[in-house]
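Peer 1: sequence and computational prediction follow.
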Amino acid sequence: MARNLNDKCKQCRREGNALFLKGDRCFGPKCPITKKGPVPPGQHGDKKTKRRSEYGNQLREKQKAKSLYGISEKQFRIYFDKAFKKKGKTGEALLQYLELRLDNILYRASFAKSRYQARQIIGHGHVLVDGKKVDIVSYQLRPEQVVSLANNALKIESVKKLLAEKKQSCPEWLQKKANSAKIVRRPGRDEVASDIDDKLIVEFYSK
């Protein structure tokens, strides 16, 4: 199954909360979640919905994670299988794989206003990893590696605006300096995707 390219606002409404897929719009009054609340899309979305089954809750949680990170079912399953083989908690390892994708690192470091924009910047060859150009959005980063924006990226107006903002959020597991960010360590479970119940995802694939 390909990556979900449906209307991003509909994806948020379907999950019942903002997934921040459209950058600045998600923080403003035009956000459908802000205007209408967590109402599912469609003309009957405001009607009382049936209570989901256990399987339904597990499926929705998996779909929410896929939408949040913007990846396909095939990619998501590959990450899960890798996480399952690792020692420790499968759910935490899964989220770490997702967080350490190159497109997500750009987003977390506030070099892009959304993961979608991050993929565009990477695809155009504007990103360096340890000084070498990388144009693979799913490239998996490791601790001690450094991600930086190439000179061409610094000419993009939206990127220039983000870099000029004084209050830029950046997680503690990233060490940011100007237009580069170093992965200090793998993120802990309490530092990523707090609105995703990874236990439900593990239960979904464990059936």
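Peer 2: Arrived safely, thanks for sending. Numbering: from 1, shown residues only.
Peer 1: number of residues surrounding the closest residue to residue 175 other than its chain neighbours?
Peer 2: With CB to CB, 6 or more residues apart in numbering as the criterion, residue 175 has its nearest non-adjacent residue at 4.4 Å, and that residue is residue 182. All C-beta atoms are positioned from the backbone trio N, CA, C, and that covers glycine. The number of residues packed near residue 182 is 18, by other CB atoms under 10 Å.
Peer 1: hang on, isn't residue 182 packed against residue 145?
Peer 2: Yes - taking contact to mean CB atoms under 8 Å, the distance of 7.3 Å between residue 182 and residue 145 places them in contact.
Peer 1: report how many residues lie close to residue 51.
Peer 2: As a measure of burial, residue 51 has 7 neighbours, counting by other CB under 10 Å.
Peer 1: same question for residue 143.
Peer 2: Residues lying near residue 143 (other CB under 10 Å) number 11.
Peer 1: likewise residue 160?
Peer 2: Using other CB under 10 Å, residue 160 has 11 neighbouring residues.
Peer 1: for the one 3 residues further on, same thing?
Peer 2: In terms of burial, residue 163 registers 16 neighbours under the definition other CB under 10 Å.
Peer 1: hmm, residue 181 and it touching each other?
Peer 2: No - under the criterion of CB under 8 Å, residue 163 is not in contact with residue 181, lying 11.7 Å apart.
Peer 1: list the residues that contact both of these two?
Peer 2: In the contact map built from CB atoms under 8 Å, 6 or more residues apart in numbering, the residues linked to both residue 163 and residue 181 are residue 111.
Peer 1: ok, then the element right after the longest helix belonging to the chain?
Peer 2: Determined from DSSP state H, the single longest helix within the chain is helix 54-69. Later in the chain than helix 54-69, the nearest helix or strand by DSSP states H and E is helix 73-85.
Peer 1: off-centre distance for that following helix?
Peer 2: 16 Å (CA atoms, centre = their mean, to the nearest Å).
Peer 1: could you tell me which residues within it count as buried?
Peer 2: Of the residues in helix 73-85, those buried under the neighbour-count criterion (16 or more other CB atoms under 10 Å) are 75, 76, 79, 80, 83.
Peer 1: was I right to think the first one contacts residue 103?
Peer 2: No - using CB under 8 Å as the test, residue 75 is too far from residue 103 to be in contact (11.6 Å).
Peer 1: find the nearest non-adjacent residue to the spatially most central residue of the chain, please.
Peer 2: Compute the mean C-alpha point of the chain, and by CA atoms, centre = their mean the closest residue is residue 69, 3.2 Å away. Leaving aside its chain neighbours, residue 69 sits nearest to residue 98 (5.0 Å; criterion: CB to CB, 6+ apart).
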